[in-house]
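Enquirer: Provided below for reference: sequence and predicted model.
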Amino acid sequence: MARKLAAGNWKMNGVTANLAEAAALAKEFVASSVDILLCPPATLITPMAQILKDSPIATGAQDCHSNESGAHTGDISAAQLADAGATYVITGHSERRADHSESDADVRSKTEAVCAAGLTAIVCVGETLGQREAGDALKVVHGQLLRSLPDEIDATKLVIAYEPVWAIGTGKVPTLAEIAEIHADMRATLTERFGDIAADLPLLYGGSVKPSNAADIFAVADVDGALVGGASLKAADFAGIISALEAS
Ligand code: 13P
């Protein structure tokens, strides 16, 4: 059985004052039956990890460099993120793939770096609107998944997030049948490649998840949680999503 995870991705949002949202969440969730994670911008990782240190909420990063150290101005390695207090790193988010031309091979290298640093990788995949309208969603996600993952995986240190690009920040969500179709195909693809341990990999859905639609999404087979953008910025909204996952 895959563990359940409610993960928040703050993207390029938040300054020190916004740490109050993390503190509020820690006050509300002193224990939980599900895993909870917040990924603030890199500037807030250390103070957030400090605030969350006695809570069940983990702190993560949104990207890393594939090398451990070296002449890469402005980049941050997985080892440095671990040192700063992160225990998870998101790799291959569609905004990184689009804004920084990250390929599946880049995502795979970064994912290997995250695992080598002893952190948990959340590897993102998902089709664009054009690809869905062309009937290629399954094929695109299948290919991204195979090319973005290392050959050797530790099921306790890997999470997959299906985030259709057209559903991110748009308020548009695929039908529950569409989510079910992709998630079933991802589970089958992972089982074919990695064997029975694929059953233990959390498969998250991401894209316009809100407290109002979370319960329906979490009831879909092979959906083990969510990667949440906008609705993770406010403790009250994210708490509603976490509670829906706990109840699922
Ligand atoms: P929204 O929840 O704002 O649609 O963002 C989803 C996302 O990209 C999380 O990584």
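Expert: It's in.
Enquirer: report the closest residue of this structure relative to the ligand.
Expert: Going by Cβ to the nearest ligand atom, the ligand is nearest to Gly229 of the chain, at 2.3 Å. For every residue, glycine as well, the C-beta is placed using N, CA and C.
Enquirer: what about that residue, neighbour count?
Expert: For Gly229, the neighbour count with other Cβ atoms under 10 Å is 21.
Enquirer: can you pull the contacts of it?
Expert: Applying Cβ atoms under 8 Å, 6 or more residues apart in numbering to Gly229 gives the contacts 8-9, 11, 168-169, 206.
Enquirer: please apply the same query to Glu95.
Expert: Listed by Cβ under 8 Å, 6+ apart, the contact set of Glu95 reads 11, 168.
Enquirer: most neighbours among the contacts of Gly229, which one?
Expert: The most crowded member of the contacts of Gly229, judged by other Cβ under 10 Å, is Gly8 (29 neighbours).
Enquirer: and that one, that one's in a strand?
Expert: Yes: judged by DSSP: H, G, I helix; E, B strand; the rest coil, Gly8 forms part of a strand.
Enquirer: grab the nearest non-local neighbour of it.
Expert: Ser232 (2.6 Å; Cβ to Cβ, 6 or more residues apart in numbering).
Enquirer: surely the one you found meets Ala239?
Expert: No: in this structure, Ser232 is not within contact of Ala239 by Cβ atoms under 8 Å, at 10.1 Å.
Enquirer: give me the more crowded residue out of those two.
Expert: Using other Cβ under 10 Å, the more surrounded residue of Ser232 and Ala239 is Ser232, with 27 against 17.
Enquirer: distance check, the more buried one against Ala226.
Expert: 9 Å (Cβ to Cβ, to the nearest Å).
Enquirer: same check on Lys210?
Expert: Distance from Lys210 to Ala226, counting by Cβ to Cβ: 10 Å.
Enquirer: quick one, strands of this structure?
Expert: Counting by DSSP state E, the chain has these strands, from start to end: 5-9, 35-39, 57-61, 88-91, 120-125, 158-162, 203-206, 225-228.
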